[in-house]
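Trainee: Next comes the sequence, and after it the predicted model I'd like to discuss.
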Amino acid sequence: MAAPTVPEVASGRAERVVVPAPPYRRRSPNWRRALRRQLLPFLLVLPALVLVGGVLGYPIGQLVATSFQQLGLFQLIGHHVLWNGLTNYRQLFSDSQFYSSLEQTAVFVLATVGLTMAIGTGVALLMGRVGKVLRTVISLTMLLVWAMPSSAASIVWTWLFQAQWGVVNYVLVALGLHSFGSHDWFASQISAYSIVTAMIVWQAIPFIALSTYAALTLVPNELHEAAAVDGATPGVIFRQVTFPIIRPVFFLLTVLSIIWDGNVFNQVWYLTGGRAQVLNVMPLGVWQYIEAFATQQYGMGAAIAIVTVLILLVVTGYYIRTMVRTGEVSA
């Protein structure tokens, strides 16, 4: 006789076997998983952001707070803070020297950035046409120039243009220009600015040239060959083929040059021998130093620094926004 099946009959009663239902697993909504995936990169870089924010955020906050204070040498020694609101900014915008320094900074940045980008791009194109050995020599030479500290480079350039024993005056006299025997190259504003501009361009060209040359290596040679077969001149090939490809790198280098040259101080101060105020060679970075440390008006110096940062942010922000709108870089 076969064994009874379900329902079984045992002891004269039928028993129903209850099969337990599988456990219910709640699945998280799809939007939560997508949110976690989007937040994961930010969580990974969060420690670095906290570190950078702590290192940079505190000094910037102190600088902003100082710009709203009447902080001189007496208050600094006595640790006595006097809040004066917008007084520093009112004095800043009512001072004619601010507009003079702003104009000098604008002309100076326009000259240095323009010359740096033009000459650096030319050197990069030259490096693409010379042989490997000569290109290596050029690269090493530019790296040595770029690695030289600005203070050491300023001392060398001061020696070159020294009035009595300078190399430049010696060479000019040897060429028959005896009027330059004891010529003081730092006696006027235009002459001093010209030498400062030449030095900054000289030391900035290596970075621009090497970066641009690296971008040029990404341009396929087939495009150049096809354009040459169509009869395009080298100038047309650069404008129509090469430059559209390297344009994002070119614009980024321009923005960096604007920021660096807009904050220049060491070269101006060293080359003028501390006579920047006498020669009226005072871009915003130099004027900020004079107000903060020469006249010991630290609140005014902080206000100048804040305004300088805001101006650079507006200029570079507008430049980057223009690049994004024209589709040069991804938003």
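Mentor: Arrived safely. This one's a predicted model, so the numbers in the text were calculated from it and none came from an experiment.

Trainee: what's the spacing between stretch 226-233 and its chain's center?
Mentor: Centroid displacement of stretch 226-233 relative to its chain, using C-alpha atoms, centre = their mean, to the nearest Å, is 37 Å.

Trainee: err, stretch 244-259, not the other one
Mentor: 10 Å.

Trainee: Quick one: mean pLDDT for that stretch?
Mentor: Averaging pLDDT along stretch 244-259 yields 89.

Trainee: All the strands of the stretch 1-150 of the chain, residue numbers only.
Mentor: For the stretch 1-150 of the chain, the strands defined by DSSP state E, counting those that start in this stretch occupy 8-10, 13-15.

Trainee: Going by mean pLDDT, which of those comes out lowest?
Mentor: strand 8-10 (a mean of 48).

Trainee: any idea which helix or strand comes after the helix or strand hosting residue 151?
Mentor: Assigned by DSSP states H and E, residue 151 falls within helix 150-160. Per DSSP H and E, helix 150-160 leads on to helix 167-174 as the next helix or strand towards the C-terminus.

Trainee: got the angle for the helix or strand hosting residue 201 vs helix 150-160?
Mentor: Secondary structure assignment for residue 201, by DSSP H and E: helix 189-216. Orientation note: helix 189-216 sits at an angle of 130 degrees relative to helix 150-160 (axes from the mean of the first three to the mean of the last three C-alpha atoms, to 10 degrees).

Trainee: Which elements pack onto helix 189-216?
Mentor: helix 96-127, helix 132-147, helix 150-160, helix 243-262, helix 266-271 (3 or more C-beta pairs under 8 Å, 6 or more residues apart in numbering; DSSP states H and E). Yep, even glycine has a C-beta here, placed from its N, CA and C like the rest.

Trainee: Report the separation between the residue sitting nearest the centre point of the chain and residue 200.
Mentor: By C-alpha atoms, centre = their mean, the chain has its centre lying nearest to residue 256, at 3.3 Å. From residue 256 across to residue 200, the span is 13 Å (C-beta to C-beta, to the nearest Å).

Trainee: would you put the C-alpha positions of the following helix or strand past the helix holding residue 201 in CSV?
Mentor: Counting by DSSP H and E, the element after helix 189-216 in chain order, helix or strand, is helix 221-229. Output of helix 221-229 as CSV, limited to C-alpha atoms (Å, rounded to 0.1, in the frame of the first residue of the first chain):
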residue,chain,number,x,y,z
ASN,A,221,50.1,64.6,-39.8
GLU,A,222,47.5,63.4,-42.4
LEU,A,223,45.6,66.6,-41.9
HIS,A,224,48.6,68.7,-42.7
GLU,A,225,49.5,66.6,-45.7
ALA,A,226,46.0,66.8,-47.1
ALA,A,227,45.9,70.6,-46.7
ALA,A,228,49.3,70.9,-48.3
VAL,A,229,48.1,68.8,-51.3
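
Trainee: Tell me, how many residues neighbour residue 158?
Mentor: Neighbourhood size, residue 158 [other C-beta atoms under 10 Å]: 18.

Trainee: which non-adjacent residue is nearest it?
Mentor: Closest residue to residue 158 apart from its sequence neighbours, by C-beta to C-beta, 6 or more residues apart in numbering: residue 271 at 5.9 Å.

Trainee: how far away is that neighbour from residue 319?
Mentor: Residue 271 sits 28 Å away from residue 319, going by C-beta to C-beta.

Trainee: Likewise for residue 216?
Mentor: When C-beta to C-beta is the yardstick, residue 216 and residue 319 sit 22 Å from each other.

Trainee: Which one of those two is surrounded by more residues?
Mentor: Taking other C-beta under 10 Å, residue 216 and residue 319 do not tie; residue 216 has more neighbours (18 against 14).
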